[in-house]
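Engineer: after the sequence you'll find the predicted model.
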Amino acid sequence: MQPRSLLNRLTGPAARRHVIRWGVTLVVVGLVLWFAGGTVKKGWQQLSDADLVIHWPWVAVSAVLYLVGLAPQAFFWRMTLARLGEHPPMFAIIRAYYLGHLGKYVPGKALVAVLRTGVLVQTGCNMRRAVVSVFVETLLFMATGGALAAALLVVSGDGPSSYIWLSAGLALLVGVPATPPVARRLARRIIAKQPPASSDSLAAAPATDPVSGITWSLTAAGVLCSTLAWGVLGLSLWAAVRAVSDIPVSPIAQLALWIESVTLPVVAGFLSLIPGGLMVRDVLQVELLTPTLPADVALVVAAAWRLISVASEGTLCAILEASRLYRSTRPTSNDTP
């Protein structure tokens, strides 16, 4: 009986699900490493070809500001999940959010939602509601970025008028689906595809609209968090300029330039569906920086900031994964004799 029981445990449905899950995880990690590795290689090659001295303390400042700049969006994502009735642990939200950023280096960017949702489902979250929350957060973040770029370009006059129209068009393109009436309609279609609940669970829980929490107040909170995030990301780009050049630049007086040079390139790169917005993001960033920086320096800054962003995301994800493994292997009170 004992050998057969052991055999059933090794070959049963639970074991197969475990193998499939690890197989999918390895494939996902392999894809991320493959495409993100290409991004790192390209950025490093551009830096290697340039004759410059790298100021490593400023590299560290840029990396920290980049990760801190994304934090308001992780907080807003938590708010969105709560409005949808999901309350995963904060550690899982942070881990899922930053891990999801690695998915943008895979073509199509769908892996962003897959990585984030996969982490939350393991904590007991409803998969479809988690997917809805990812799209609400991402679209609002990008819409705010496009709107910020358009407004700042109008006020500062840093770029050509075509960039103003481009920014406004991108904001409108991703902003309309993020408005509560449209977002609720789309969310209902996604959630309605899930299997119907059992009669017992229906009797136990009152029938409520799962997307009623997607309101204008949530949108306002998202715009506020997104604006703060884009501002700090702009400062991260400023620190990257300090890291690769000795040109005097101001973090505050030129803040509009730094935010413009982050928002429009990132939003356009996101909508291009190219892994990491490669070339799209870089070209726009160089164009926006060139009036202030020499063209060769602007190119190096774009390459450096890309490399810093990928390296900081990868490092933080490695730390979070190591922390998760440590927490999972740490003995609990039930394990003590």
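Structural biologist: In hand now; what should we look at? Residues are numbered from 1 along each chain as shown.
Engineer: surely L237 touches T263?
Structural biologist: No. With contacts counted by Cβ atoms under 8 Å, L237 stays clear of T263, the gap being 10.3 Å. Any C-beta I mention is one placed from the backbone N, CA and C, and that applies to glycine too.
Engineer: so the residue lying closest to S309 once chain neighbours are set aside is in which element?
Structural biologist: Distance criterion Cβ to Cβ, 6 or more residues apart in numbering; nearest residue to S309, sequence neighbours excluded, is Y66 at 5.4 Å. Element membership for Y66, per DSSP states H and E: helix 56-83.
Engineer: now V114: which helix or strand?
Structural biologist: Secondary structure from DSSP H and E places V114 in helix 110-121.
Engineer: give me the mean pLDDT for the helix or strand harbouring A322.
Structural biologist: Assigned by DSSP H and E, A322 falls within helix 295-329. Taken as a whole, helix 295-329 carries a mean pLDDT of 88.
Engineer: got the angle between that helix and helix 110-121?
Structural biologist: Angle of helix 295-329 versus helix 110-121, following axes from the mean of the first three to the mean of the last three Cα atoms, to 10 degrees, is 20 degrees.
Engineer: which strands and helices lie in contact with helix 295-329?
Structural biologist: helix 13-49, helix 56-83, helix 90-101, helix 216-244, helix 280-289 (3 or more Cβ pairs under 8 Å, 6 or more residues apart in numbering; DSSP states H and E).
Engineer: any idea which of these scores lowest on pLDDT?
Structural biologist: Minimum mean pLDDT among the helices and strands packed on helix 295-329: helix 13-49, a mean of 54.
Engineer: next, count neighbours for A147.
Structural biologist: A147 has 22 neighbouring residues, counting by other Cβ atoms under 10 Å.
Engineer: over to the one 3 residues further on?
Structural biologist: By the criterion of other Cβ under 10 Å, A150 has 23 neighbours.
Engineer: hmm, it is touching S167, no?
Structural biologist: Yes. Shown here, A150 and S167 form a contact pair, counting by Cβ under 8 Å, at 3.8 Å.
Engineer: list the contacts for G85?
Structural biologist: Neighbour list for G85: N126, R129, P210, G213 [criterion: Cβ atoms under 8 Å, 6 or more residues apart in numbering].
Engineer: can you pick out the residue with more neighbours from L237 and T263?
Structural biologist: Between L237 and T263, T263 has the larger neighbour count (other Cβ under 10 Å), namely 31 against 28.
Engineer: now for the helix or strand encompassing that one, which elements pack on it?
Structural biologist: Following DSSP H and E, one finds T263 within helix 255-272. In terms of contact count using 3+ Cβ pairs under 8 Å, 6+ apart, helix 255-272 is assigned the packing partners helix 127-156, helix 161-175, helix 216-244, helix 280-289.
Engineer: what comes up buried for that helix?
Structural biologist: Across helix 255-272, burial judged by 16 or more other Cβ atoms under 10 Å covers 255-271.
Engineer: over to stretch 158-167?
Structural biologist: For stretch 158-167, by 16+ other Cβ under 10 Å, it's D158, G159, Y163, I164, L166, S167.
Engineer: same question for stretch 224-242.
Structural biologist: Buried residues in stretch 224-242, counting neighbours by 16+ other Cβ under 10 Å, are found at 225-226, 228-242.
Engineer: any weak-confidence spans in the stretch 101-250 of the chain?
Structural biologist: Along the stretch 101-250 of the chain, segments meeting pLDDT under 70 span 108-109, 193-207.
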